Each structure stands twice: as C-alpha cells, then as structure tokens.
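# Return a 3D structure for these sequence lines:
(one chain, ligands or ions: 1)
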Amino acid sequence: MTRASFLVRTIAVAAVVAISGVGGRAAAVAPLKIVATTTDLAALAREVGGDKVTVTALAAGRQDPHQVEAKPSFIGLVSQADLLIAVGRELEIGWLPVLQTNSRNPKVQVGASGYLDASLNVKILEIPTGQLTRAMGDVHPQGNPHYWLDPNNGRLIAQSIRAKLQELMPADRAYFDQRYADFDKRLAVAEKRWDAALAPYKGTKLVTYHRSWPNFMERWGLDVIGYVEPRPGIPAPPSHIIELVAEMKRQGAKIIVVEPYWSPKTPESIAGRAEGRVLVLAPSVGGAEGVTDYIGLFDYDVTHLADALKQTTGR
Ligand SMILES: [Zn+2]
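Below is the predicted model of the structure:
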C-alpha cells in the first residue's frame, strides 16, 4: 500500500465512522418504555408503537388478571417505565396501586402524563346501578373490565394508545398514525372473517364460568344464560350448580366457556349433567398456544367457538 492510498483509506474510514456516529446518535433516540398490565394492552401497544417503543406485559396471558402477584421484579419494570397502560375499572385494584407506589416513578402515577387508563374511551357493559360493595365479593364494581374482548373496543384502545404516544413523542406523530391505520385495516378484514364464522349461531344460548365474555358475546349475538360463578369472584355453592344445570337443560345451552386459569372440575360436572361440554377459550393474548397478538386472539377464540357451536347445534 502506498502512503497516499493508506491516507485515502484512513480518511475514508474516519469519514464512515463520523457519519455513522451522527446517524447512530439520531437512531439512538431511546425507544419509549411501555409497561402494560395485560398481554392484550401490550399487544395493542406494539401494534401502534412499532419500533419506537419497547413493551412489557405484567400479567401473563394464562393468568386471572384480577389475581396477579405484585412481584418485586414488577416494581423494577414500573420504576423504569415512561408509560404505564392499565385496563382500569378496578381490574388491577389488588396489585397495580402497590406497584405504582413502590416504583416511586412520578411519570406513571394516576393523573400523570405517563399513565393511560385504557377503559376511558371504550364501550363498557354491566355498569352496576344499585349499591355495590367489594365485601359482597363482586370484582366488577365499575362495570365489566373484560372489555378488550370486543374487537371494536380493541380499535378504540389502539386509538387511545396512538393519542398518548403522539402526546409523548410528537415528532413521531405520522409514524403512529401510519401504524394505527395499518392495524385498523387488518382488524377490519379480520372482523369480516369472524362475523361470517359466527353468523349462523346468533341467539345460541351458552354459559360462561366468569363474566369475562359479555363484550365478546354481545358482539356476535350470542346469549349467555348463566355463569358457573354466581357472582364474579365467588365460587359456586351446590344450590347454584343444581339451578344452573336445570337452566341449561330448560334453555338448551350446551357449551360452558371456561378461562384457562379455572379448574375444569366444576364446569365438567355441570356440563356432564346438562349433556353439554366445556370449551376452554383464551381470554387474553398468550392464553393459548400460538396466540401471540390481538388479531390472533380472536382468530383462536372464534374458530374454536364456531367449531363447538357447529357440533352442538348441528348448524
Ligand atoms: Zn372479571
């Protein structure tokens, strides 16, 4: 190598280092750290946030979201978060406030700009009208918190996330608009598929374990006639089971939808006596094998429910 060519190469390398240094700084705007209480909110945040965010879910998809242990590792996650997204409606009342307090992170306290209650812009069912206390055992005192199980509510949650990300990262406004529009388009295509699969079963009566499914069932015109739990969060006494079996027989309900975190023992016994069957569906992303995103959640549930309805109704 001549001295001249060595010099040229050295300058060229220096130039590349300088350019990538500048580019590196631009690209190194740290992604926004999002912590979502559930896998569903995390999945929607990933749809909208893309590579401008990192997203961690606290509760696992197979876990009862009312009953999550406030682990020390969660405090660390919340303390580092730029944005905390919660289901709200007191779903996380037993475990989230303690994490927020112990995180000592002012950004994610209720009312701060890094806290998003995803329930504020969606359709909420079963809002209680009478006097209700938690002592009565009802874990849904502010209406049904399982509202993400209607895909249109998923769309509305994604809109709230988009607005929040645009507020926190105004320079990326167009990026979040584009991510949302892409998700909205894919969701609309999928909704046509789900509507078609469940259309033959409108008005079919069924039973669910917990009141996790009112938004889902209303969306597709299915009629829930009873629950394994007499009230949300309260286990069934024998008298309730006898009444439920009789009601299922009288109304011809053949399916009991059960969340993966309940023991199948009681529902199996009820289904056996009512000549029906138990169907385990995924109430959340990660709630069944292969369910890794929000649209995949409904693909799984709609397919499995339609199969079971086909077998039990003969339609
Ligand atoms: Zn519940």
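
# going forward, measure contacts and count neighbours with C-alpha atoms only.
Will do.

# For Asp182, see how far away the nearest residue to Asp184 once chain neighbours are set aside is.
Of all residues not flanking Asp184 in the chain, Arg155 sits nearest, at 6.7 Å (CA to CA, 6 or more residues apart in numbering). Distance from Arg155 to Asp182, counting by CA to CA, to the nearest Å: 11 Å.

# cool, and Ala57?
Counting by CA to CA, the gap from Ala57 to Asp182 is 23 Å.

# between the two, which one's more packed in?
Ala57 (20 against 13; other CA atoms under 10 Å).

# and the more buried one, bridged to which residues?
Ala36 (DSSP bridges).

# domain ranges for the chain?
32-193, 194-313 (automatic domain parsing).

# Let me know how buried Ala196 is, in neighbour terms.
11.

# likewise Thr312?
Counted with other CA under 10 Å, Thr312 comes out at 15.

# List the contacts of it.
254-255, 276 (CA atoms under 8 Å, 6 or more residues apart in numbering).

# Kindly recompute the last result at 7 Å.
Counting by CA atoms under 7 Å, 6 or more residues apart in numbering, Thr312 touches Lys254.

# what secondary structure does the residue nearest to Asp184 sit in?
Classification of Arg155 by DSSP: H, G, I helix; E, B strand; the rest coil places it in helix.

# now do the one 10 residues further on
Secondary structure of Leu165, reduced to three states by three-state DSSP: helix.

# can you give me the strands for the stretch 101-250 of the chain?
For the stretch 101-250 of the chain, the strands defined by DSSP state E, counting those that start in this stretch occupy 115-117, 205-208, 223-227.

# Show me what the shortest one is packed against.
Here strand 115-117 touches strand 83-86, going by 3 or more CA pairs under 7 Å, 6 or more residues apart in numbering; DSSP states H and E.

# Of all the residues in the strand it packs on, which ones are buried?
The neighbour-count check on strand 83-86 (16 or more other CA atoms under 10 Å) flags 83-86 as buried.

# For the residues you listed, give me TSV that also has distance to Leu206 and pLDDT.
Converted to TSV, the buried residues of strand 83-86 look like this (distance: CA to CA, whole Å; pLDDT from 0 to 100):
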residue	distance to Leu206	pLDDT
Leu83	39	98
Leu84	36	98
Ile85	32	99
Ala86	30	98
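
# What is the nearest of the residues you listed to Thr313?
Closest approach between the buried residues of strand 83-86 and Thr313, by CA to CA: Ala86, at 38.2 Å.

# who's in contact with the closest one?
So, once contact is read as CA under 7 Å, 6+ apart, Ala86 ends up touching 36-37, 116-118.

# Let's see that with 6 Å instead.
The contact partners of Ala86, by CA atoms under 6 Å, 6 or more residues apart in numbering, come to 37, 117-118.

# Please tabulate these in TSV, including the columns distance to Asn144.
Listed next are those as TSV, based on distance: CA to CA, whole Å:
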residue	distance to Asn144
Thr37	17
Asp117	14
Ala118	13
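
# Pull out the buried members of those residues.
By 16+ other CA under 10 Å, the contacts of Ala86 give 37, 117-118 as buried.

# contacts for stretch 30-46?
Identification of contacts with stretch 30-46 by CA under 6 Å, 6+ apart yields 52-59, 61, 81-86, 158, 284-285, 293-294.

# Can I get stretch 154-174 in CSV? Just the C-alpha atoms.
In CSV, the C-alpha atoms belonging to stretch 154-174 read as follows (Å, rounded to 0.1, in the frame of the first residue of the first chain):
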residue,chain,number,x,y,z
GLY,A,154,-59.6,-3.1,20.7
ARG,A,155,-59.7,-0.5,17.9
LEU,A,156,-60.7,2.2,20.4
ILE,A,157,-57.9,1.2,22.8
ALA,A,158,-55.5,1.4,19.9
GLN,A,159,-56.8,4.9,19.3
SER,A,160,-56.2,5.9,22.9
ILE,A,161,-52.7,4.5,22.7
ARG,A,162,-52.0,6.4,19.5
ALA,A,163,-53.1,9.7,21.1
LYS,A,164,-51.0,9.1,24.1
LEU,A,165,-47.9,8.2,22.1
GLN,A,166,-48.4,11.2,19.9
GLU,A,167,-48.6,13.4,23.0
LEU,A,168,-45.4,11.8,24.5
MET,A,169,-43.5,11.7,21.2
PRO,A,170,-44.8,14.5,19.0
ALA,A,171,-42.0,14.2,16.4
ASP,A,172,-43.3,10.7,15.5
ARG,A,173,-46.9,11.7,15.0
ALA,A,174,-47.1,10.5,11.4
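
# Report the buried residues of it.
154-166, 168.

# before we move on, back to that, got CSV for the buried ones among the contacts of Ala86, with pLDDT too?
Converted to CSV, these look like this (pLDDT from 0 to 100):
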residue, pLDDT
Thr37, 98
Asp117, 98
Ala118, 98
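
# wait, which of those residues is closest to Glu191?
For those, the nearest to Glu191 is Ala118 (21.1 Å; CA to CA).
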